[in-house]
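A.B. asks: with the sequence up front, the predicted model follows.
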Amino acid sequence: MPDPLSLVRKAWSDTPFEGMAWLVGGWVRDELLGRPSRSDVDIVLLGDALQAAEILARAGVASQPPVLYSRFGTAMVRVGDLTLELVTARRESYSKDSRKPRVEPASLLEDAQRRDFTVNALLLGLWDGKIVDPLGLGLRDLESRTLRTPREPSQTFSDDPLRMLRAVRFKWQLGGWSFAPGLAESIAENAHRLEIVSAERTRDELIKMLALVDADKALCDLLELGLLARFAPELAAMRGVEQGDYHHLDAFDHTCFVVRNVGPSDLTLSLAALLHDLGKPRTRVIDAEGKTRFFGHETVGATLAREWLEAMRFSGEMIANVALLVKNHMRFTGLTNLSPSAARRLVRDLGDQLDRLLALVEADANALKPGVRGLDLGPIRAQIAETLRETPRETLVSPLDGNEISTLTGLGSGPSIGRIKKQLTEMVLSGELRAGDQEAARAWVLSTFATRDGATTSSIDEGQVPS
């Protein structure tokens, strides 16, 4: 057991909680499986968990005041580097339209029956270190690598529909376990119950799945069990969307392949992989030659990705970055190398998302039909590296600010100043001006906008300065 728990034992000695506390849940399961333990520990008590938390606080064991949830009889306590969730052994009942239970104290057996899976209901005595299997099923299911609900799965999933997502996550988090007979069928029957789960809770489970090596397999399960259609119908709609000569998979399976290719270490990149072809179902056409086309799917997909990420309550920064990657993932189509101008525009447009875009494009190309991959990013990466050495992103702007342009032209403030500034930026990107060359920029402004008598023009039509 983690050493901080010895402090907990000492604080609870000679109190009603001595010998009345057991570790339970994922920490116990993972310890028995020989897996790295998580940083949080659940403890179930035969007694008032709120009182137990207050004892830890008075004894100086808690590193900060406990957080008490009196409605549910639970408390969160930080001890050393561990977060402990203390809970009074309880039974639960649910209303049809909420996953928040009504609770009352109960036995260890009843507490085990209200948990999500039998392998998460195993107990480890805080004092004697002995394993207790209240249901008589947990150890057997642990050995056979089986996910089974303590009660009838339909009851477990109807009470708390989030457990259906957790079933898929645990299956692949634990290395490809099996569902007990009837469990998958029950998930499919109760998938509609996800409507009472908040977007934030669903989002958090999806994030945990995308952090798995087998995230692609979890996504396939979500689709097959009818869960994906409940919270991401745009993704589910990609099933059966055939993609033409360069692909051997439909749009959904191709997406899963790309998710696997990018790996689980970067959530922004994983989400971009998940959503990169979201626009394909809406843009698929067959041209006059019988070829499948998806004109503008990256633009449509970026809009759909933004809308879905907003609905799932992702942060504004995450939404902006993922939408940017989706919109630009076709940017290298048909290219064998980048011109210096194109490289500068890419650096300017993508900024700190450029490495992610290259990783996404590489993963996408590696998910094409074997033998048709035609993209070599080597020369492109080399050109980008050279561009970054010569002109870092922060220099790819107009050498002159609006005030100086106004002084040179006498135009004052207004849209004309913005158009001139934009044109100067375009000249830097195209190579007509060196980055930061203020002298050449001033000369261009004076020569371009001077009248015959030496005075500058009083107005600039939009047609004179490309917008």
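C.D. replies: Now that the structure is in, tell me what you want to look at. Since this is a predicted model, take the numbers as computed values, not measurements.
A.B. asks: stretch 384-404: end-to-end distance?
C.D. replies: End-to-end distance for stretch 384-404: 31 Å, by C-alpha to C-alpha, to the nearest Å.
A.B. asks: kindly apply the preceding question to stretch 95-114 instead.
C.D. replies: Using C-alpha to C-alpha, one end of stretch 95-114 lies 15 Å from the other.
A.B. asks: show me where the stretch 101-250 of the chain has its helices.
C.D. replies: For the stretch 101-250 of the chain, applying DSSP state H, counting those that start in this stretch gives helices covering 108-113, 138-144, 153-159, 162-173, 183-190, 199-210, 215-224, 228-231, 233-236.
A.B. asks: what is the fifth one packed up against?
C.D. replies: I take that to be helix 183-190. Counting contacts by 3 or more C-beta pairs under 8 Å, 6 or more residues apart in numbering; DSSP states H and E, helix 183-190 is packed against helix 153-159, helix 162-173. The C-beta positions use only the backbone N, C-alpha and C, and glycine is treated the same way.
A.B. asks: ok so, going back, for Arg356, which of the helices of the stretch 101-250 of the chain is the nearest?
C.D. replies: For the helices of the stretch 101-250 of the chain, proximity to Arg356 was assessed by C-beta to C-beta; helix 199-210 is nearest, at 14.4 Å.
A.B. asks: next, the buried residues of the closest one.
C.D. replies: 202-203, 205-206, 208-210 (16 or more other C-beta atoms under 10 Å).
A.B. asks: packed most tightly, which of the helices and strands packed on helix 183-190 would that be?
C.D. replies: Ranked by mean neighbour count, the helices and strands packed on helix 183-190 are led by helix 162-173 with a mean of 22 (mean count of other C-beta atoms under 10 Å).
A.B. asks: circling back: now pLDDT too, for the buried residues of helix 199-210, in CSV please.
C.D. replies: Listed next are the buried residues of helix 199-210 as CSV, based on pLDDT from 0 to 100:
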residue, pLDDT
Thr202, 98
Arg203, 98
Glu205, 98
Leu206, 98
Lys208, 97
Met209, 98
Leu210, 98
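A.B. asks: just send the residues you listed back as a markdown table, with distance to Ala237 too.
C.D. replies: Shown next, in a markdown table, are these (distance: C-beta to C-beta, whole Å):
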| residue | distance to Ala237 |
| --- | --- |
| Thr202 | 18 |
| Arg203 | 19 |
| Glu205 | 21 |
| Leu206 | 17 |
| Lys208 | 24 |
| Met209 | 19 |
| Leu210 | 19 |
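A.B. asks: now, which of the residues you listed sits nearest Arg35?
C.D. replies: When the buried residues of helix 199-210 are compared for distance to Arg35 (C-beta to C-beta), Lys208 wins out at 15.1 Å.
A.B. asks: contacts only, for that closest one.
C.D. replies: Contact analysis of Lys208 by C-beta atoms under 8 Å, 6 or more residues apart in numbering lists 169, 173.
A.B. asks: so it versus Gly351, what's the distance?
C.D. replies: Look at Lys208 and Gly351: by C-beta to C-beta, to the nearest Å, they are 28 Å apart.
A.B. asks: ok, now Leu388?
C.D. replies: According to C-beta to C-beta, Leu388 stands 11 Å off from Gly351.
A.B. asks: put together TSV for the helices of the stretch 101-250 of the chain, with distance to Leu124 on each row.
C.D. replies: Below are the helices of the stretch 101-250 of the chain laid out as TSV (distance: least, C-beta to C-beta, whole Å):
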stretch	distance to Leu124
helix 108-113	12
helix 138-144	11
helix 153-159	23
helix 162-173	19
helix 183-190	25
helix 199-210	24
helix 215-224	28
helix 228-231	35
helix 233-236	39
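A.B. asks: pull the helix or strand hosting Leu424 out as CSV, backbone CA atoms only.
C.D. replies: Assigned by DSSP states H and E, Leu424 belongs to helix 415-430. This file holds the C-alpha atoms of helix 415-430, laid out as CSV (Å, rounded to 0.1, in the frame of the first residue of the first chain):
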residue,chain,number,x,y,z
PRO,A,415,-9.8,50.6,-43.8
SER,A,416,-7.3,51.9,-46.4
ILE,A,417,-4.5,51.7,-43.8
GLY,A,418,-5.4,48.1,-43.1
ARG,A,419,-5.4,47.2,-46.8
ILE,A,420,-1.9,48.8,-47.2
LYS,A,421,-0.6,46.9,-44.2
LYS,A,422,-2.1,43.7,-45.5
GLN,A,423,-0.4,44.2,-48.9
LEU,A,424,3.0,44.8,-47.1
THR,A,425,2.5,41.5,-45.3
GLU,A,426,1.7,39.8,-48.6
MET,A,427,4.9,41.2,-50.1
VAL,A,428,6.9,39.8,-47.2
LEU,A,429,5.3,36.4,-47.6
SER,A,430,5.9,36.4,-51.4
